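>>> next come a sequence and a model predicted from it.
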Amino acid sequence: MSRNLVELIRRHDGIAAPTALDLLKESVAARGELTEEDLQRTAAVTGLPEATVYGISTFYDDLRAPRGERHVRVCTGTACFAATGGSHVQALSEGLGLDLGSVRDDGSVSLAETVCLGFCHSSPAVFDGEVIVAGPGAVAQVLSDSPTPAPQPQWHSLLPEPVLTRPGDWSGLRRALSELDPQQLLELVVSAEIRGRGGAGFPAGVKWRFVRAAAGDEKYVVANGDEGDPGSYIDKYLMEQNPELVLEGMALAGLAVGAAHGFILVRSEYPESKPSLDAAIERARQAGFLGERILGSDFSFEITVVEGAGSYVVGEETALLACLEGLRGTVSARPPFPAERGLYGRPTVVNNVETLANVPFIAARGAEAYQALSPNSASSGSKLVCFNERFNQPTVVEVPFGMSVRELCENVAGGLRDGGRIKAVQIGGPLGGILPAARLDTAFDFDALAAEGCMVGHGSILAFDELTDMRALAVHLLRFGAHESCGKCFPCRIGLRRAHDMFAADAPVDRARFEQLLETLELGSLCAHGSGMPAPLRSLLRHFPQELSLA
Amino acid sequence: MSDTVRIDGVQLEVAPGTTILEAAKLAGRWVPTLCFDERQAPFGACRVCMVGVEGSANPLPACTTVCRDGMNVSTEDPTARRVAGAVVELVLSELPAAPAPHTELAQVAQRLQVGAELRWPGAVHAVDHDLEHPYLAFQHELCISCGRCVRACDEVQGAFALTAVGRGFDANVAAGLDGGFLHSSCVSCGACADTCPTDAITEQLLLVGGNGNSAVAAGV
């Protein structure tokens, strides 16, 4: 991202001032569209160039889709696809008489797509005005203008003593402030060997070490709550049902690396997340766990919650930082890494929300106790997994690593509903490989899944039943990939569009050419979006070639 | 203090922080680039500068990878060149017409021997011209979103008249609030036209004079 623009933002405003993105979102919310005056006013208030503001306004889904008085957003995520094959989108479009991305002439109703609303336990889902409806009757509810809020998912733990599903009680921060110095806390997290839960699996403690060692007094902690992976509602659960645990993890990160301010970026597709976190921050301030001189110590820490505006790639860490600064959420080449030059150019630790939620246990109980949570696996700690609507018990479950995917699907989630049979499961999000039913005995941990071309990723376990059309699934995945490409690097910008068009065409796909394209994406792309999107396609080519109409 | 690196067998000493691309230039080796301009910070967007590095399973971008002491680099690594060629092929496939022979894109494509046949043809950018400005012309369909013009305007000129717009395949560049150069903070310095590798932004005079290859000169 442009250093000049970042410096401009810092010189012009304090970090508490609304960003250009905040102002543009406000304008859209107020008037349903952005006018030239809105853009000029945003430029004047933020001190940013007009062109920069215009560029931001063309990047985010929430700013681009035209809005009527009643704005209906239909989820086109993978869980909703698995539930209906996409028929809910067509039914809603026909019922409302609107194409996706259009608004009725009288401005009364608009229809847009969104990926994903995190109601994968109850698909399909539709965001109708301020209400999310979900389940088999969702489209009928919207069309009859009687939307009823869908229930939130349940959660439970398979661990004798829950770690991530235990309500946060700030015991880790208490112990860290009374018994540990920041260096000891840092070493505890390093030796716990906790790997990032947002997809990449990078050791969190190593990241923290870089930030602690980085020059400069001003550092930041950023919690990545941009859980854009369709099929995953794990971070949503944490942010909405257990926000204290996330906040405590952020404060501990701040203590360990020497940061006094943390930011959480949450998705606009999760309307309950920001209010829940804001309320928890207020409770924590009242109780003395956040703010100045926490629990009488020298440590002060503030947390700000920022809401995104519709972009999957903003979940990538450099794009996330650009979004927090209110700029276009495009990926930046590393180095420099955020640990060295992150938010507003300052050393920044960026961790996924679930990663941070593990830290309070480590601080309270130590690294050995943490590693002992998964006795049958080399991966340490526990993991939240979640299941899609095809299962009998689609919930969030805290599990130890090392169980087989079959145990998780059949015993924990109760198999598929209505006697359905699993054809394949996609684990960890759209960049994760697809495991066919015959390979369900694979262990659920970082190494075993990687050996199958899959990944733990976000921890979502998304089943496709036997009715699933695998070529339609390929089109679905590639459409998502092409739509969400940030447009910065060439292989992803052009290659995902071409890959989609090859499968969307009513013709056999030239397998050799398609695989050459996948290689270009895998080896050429700047970030995990372009390099990761081929993984599920490779799985489909490997396990279901006869269903893809290849030439 | 310096690092020792080998580029295609040529050993040289480089200052810490030197990128592979800079080292390759010092060694007199050619590495294809599209989004790189030595007057600007490395951007890492085009992915055409891929090189092989001993010990790395996959090719690495030369412009954003910093040399390490003892690094052994092959600029003609077959995998790296295959990826670079495929990316250039993709870029050619998004243009409605072949780039003019004198442009950087055409020259990189020629040197990589890419373009005779495109493996992944498909949608191309819609023709869209801004010819209002007295000196500068913008043929948006030739834009490959390399970001060089935006960065020239930001890092070299400080006018901030340009921005990347859209995302994915529809990404492009706009001046001001998309009203064209004339209605933006453009100071007519020409830094954008100077750096553009496809003539998407060029000088009006060159179009009027007719280089015989641009879409405008061809009357599209």
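Happy to help now that I have it. Numbering: from 1, shown residues only, chains lettered A, B, ... in the order given.
>>> got the phi/psi numbers for A:V109?
phi -140, psi 140 (degrees, to the nearest 10).
>>> who's it bridged to?
For A:V109, the residues forming beta bridges with it (DSSP bridges) are A:R70.
>>> what's the spacing between it and chain B?
As judged by Cβ to the nearest Cβ, to the nearest Å, A:V109 and chain B stand 25 Å apart. Just so you know, the C-beta spots here come from the backbone N, C-alpha and C atoms, and that holds for glycine as well.
>>> B:S2 contacts B:L12, doesn't it?
No. If you go by Cβ atoms under 8 Å, B:S2 and B:L12 don't touch, sitting 9.2 Å apart.
>>> more neighbours: those two, which one.
B:L12 (17 against 12; other Cβ atoms under 10 Å in any protein chain shown).
>>> and the more buried one, how far from B:C67?
Distance from B:L12 to B:C67, counting by Cβ to Cβ, to the nearest Å: 10 Å.
>>> pick out the residue of the stretch 301-450 of chain A closest to chain B.
The nearest approach of the stretch 301-450 of chain A to chain B comes at A:A333, 2.9 Å away (Cβ to the nearest Cβ).
>>> next, the contact list for the residue most central in space within chain B, please.
Against the mean C-alpha coordinate of chain B, by Cα atoms, centre = their mean, the closest residue is B:L34 at 2.4 Å. If you count contacts by Cβ atoms under 8 Å, 6 or more residues apart in numbering or on different chains, B:L34 has them with A:F490, B:C46, B:V48, B:V88, B:V91, B:E104, B:L105, B:V108, B:I144, B:C146, B:P197.
>>> next step: those residues restricted to helices.
A:F490, B:V88, B:V91, B:E104, B:L105, B:V108 (DSSP state H).
>>> need the max-distance pair from those residues.
The distance between the two most remote of the ones in helices among the contacts of B:L34 (Cβ to Cβ) is 14.1 Å, for A:F490 and B:E104.
>>> who has more neighbours, these two?
A:F490 (28 against 20).
>>> quick check: that one touching B:L92?
No. A:F490 lies out of contact with B:L92 (Cβ under 8 Å); the separation is 11.0 Å.
>>> okay, the ones in helices among the contacts of B:L34 in TSV with distance to A:L98 and pLDDT next?
Output for the ones in helices among the contacts of B:L34, formatted as TSV (distance: Cβ to Cβ, whole Å; pLDDT from 0 to 100):
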residue	distance to A:L98	pLDDT
A:F490	34	98
B:V88	40	98
B:V91	36	98
B:E104	44	98
B:L105	40	98
B:V108	45	98
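>>> as CSV, those with distance to A:N352 would be great.
As requested, these are exported to CSV (distance: Cβ to Cβ, whole Å):
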residue, distance to A:N352
A:F490, 28
B:V88, 36
B:V91, 34
B:E104, 40
B:L105, 39
B:V108, 39
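>>> what's the closest of those residues to A:A20?
Once Cβ to Cβ is applied, the member of these that ends up nearest A:A20 is A:F490, at 26.7 Å.
>>> could you measure from the closest one over to chain B?
Applying Cβ to the nearest Cβ to A:F490 and chain B gives a distance of 5 Å.
>>> mind listing the strands for chain B?
Along chain B, counting by DSSP state E, strands occupy B:3-7, B:10-14, B:50-53, B:60-61, B:72-74, B:129-130, B:136-139, B:162-165, B:172-175, B:201-203.
>>> buried deepest among those, which one?
Of all these, strand B:162-165 has the most neighbours on average by mean count of other Cβ atoms under 10 Å in any protein chain shown, namely a mean of 28.
>>> show me what that strand is packed against.
Counting contacts by 3 or more Cβ pairs under 8 Å, 6 or more residues apart in numbering or on different chains; DSSP states H and E, strand B:162-165 packs against helix A:50-57, helix B:148-151, strand B:172-175.
>>> how many residues are close by residue 25?
All of this refers to chain A. 22.
>>> looking at chain B here, not the other one
Neighbours of B:K25 (other Cβ under 10 Å): 16.
>>> please tell me how far the closest residue in space to it that isn't next to it in sequence sits from B:A80.
Leaving aside its chain neighbours, B:K25 sits nearest to B:V31 (7.9 Å; criterion: Cβ to Cβ, 6 or more residues apart in numbering or on different chains). Per Cβ to Cβ, B:V31 is found 9 Å from B:A80.
>>> and what of B:T103?
Distance of B:T103 to B:A80, given as Cβ to Cβ: 23 Å.
>>> when those two are compared, which one has more neighbours?
Neighbour tally, B:T103 and B:A80, criterion other Cβ under 10 Å: the higher count belongs to B:A80, 27 against 21.
>>> ok, that one touching B:V48?
No. Taking Cβ under 8 Å as the definition, B:A80 is not a contact partner of B:V48, at 9.9 Å.
>>> identify the contacts common to the two.
Joint contacts of B:A80 and B:V48 (Cβ under 8 Å, 6+ apart) do not exist.
>>> remind me which residues of the chain are low pLDDT?
With no chain named, the answer covers chain A. Residue ranges of chain A with pLDDT under 70: A:13.
>>> could you do chain B instead?
In chain B (pLDDT under 70), the answer is B:208-220.
>>> give me the domain ranges for it.
B:1-124, B:129-209 (automatic domain parsing).
>>> just to check, B:G115 is in contact with B:A109?
Yes. In this structure, B:G115 is within contact of B:A109 by Cβ under 8 Å, at 4.6 Å.
>>> who has more neighbours, the two?
The neighbour count for B:G115 versus B:A109, taken as other Cβ under 10 Å, is higher for B:A109 (24 against 19).
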